[in-house]
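# quick one: sequence and predicted model below, then my questions.
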Amino acid sequence: MKEISPAELKQLIASKSDIQIIDVREDYEYDEANINGTLIPMGEVMDRVNEISRDKKVIVHCRSGKRSETVIKALEAQHGFTNLYNLSGGILAYLAQP
């Protein structure tokens, strides 16, 4: 599984790269803090797989990186995705990154 660091993601966002960010946390977590990703809670991902791009870099994140890792492994195994990146440390690490 491919990973991206919080610093790398911040650089992609700052340079306005053509990426997609998928947040697999729950609604209440998204409301507390988010980085403007598309909210697809973990339990809904397999039903909403058509919302995930196959032709650009897709960064998947959660709170600490565990749920997003599980989601990525499932998407790769069941749907053949090859363009997914897990945000190392999740949104907690992203928010802590200066």
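Structure received.

# in contact with the closest residue to Cys62 other than its chain neighbours, which residues?
In space, and not counting its chain neighbours, Cys62 is closest to Ser68: 4.4 Å by CB to CB, 6 or more residues apart in numbering. In short, each C-beta sits where N, CA and C put it, glycine included. Going by CB atoms under 8 Å, 6 or more residues apart in numbering, Ser68 touches Val24, Val60, His61, Cys62, Asn86, Leu87, Gly90.

# want to throw those into CSV with neighbour count?
Converted to CSV, these look like this (neighbours: other CB atoms under 10 Å):
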residue, neighbour count
Val24, 26
Val60, 30
His61, 30
Cys62, 24
Asn86, 23
Leu87, 28
Gly90, 23
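
# list the buried ones in the host helix or strand of the residue nearest to Cys62?
Taking DSSP states H and E as the definition, Ser68 sits inside helix 66-79. Neighbour counts over helix 66-79 (16 or more other CB atoms under 10 Å) mark Arg67, Ser68, Glu69, Thr70, Val71, Ile72, Leu75 as buried.

# repeat for stretch 24-33
For stretch 24-33, by 16+ other CB under 10 Å, it's Val24, Arg25, Glu26, Glu29, Tyr30.

# and these, which is closest to Asn50?
Val24 (15.8 Å; CB to CB).
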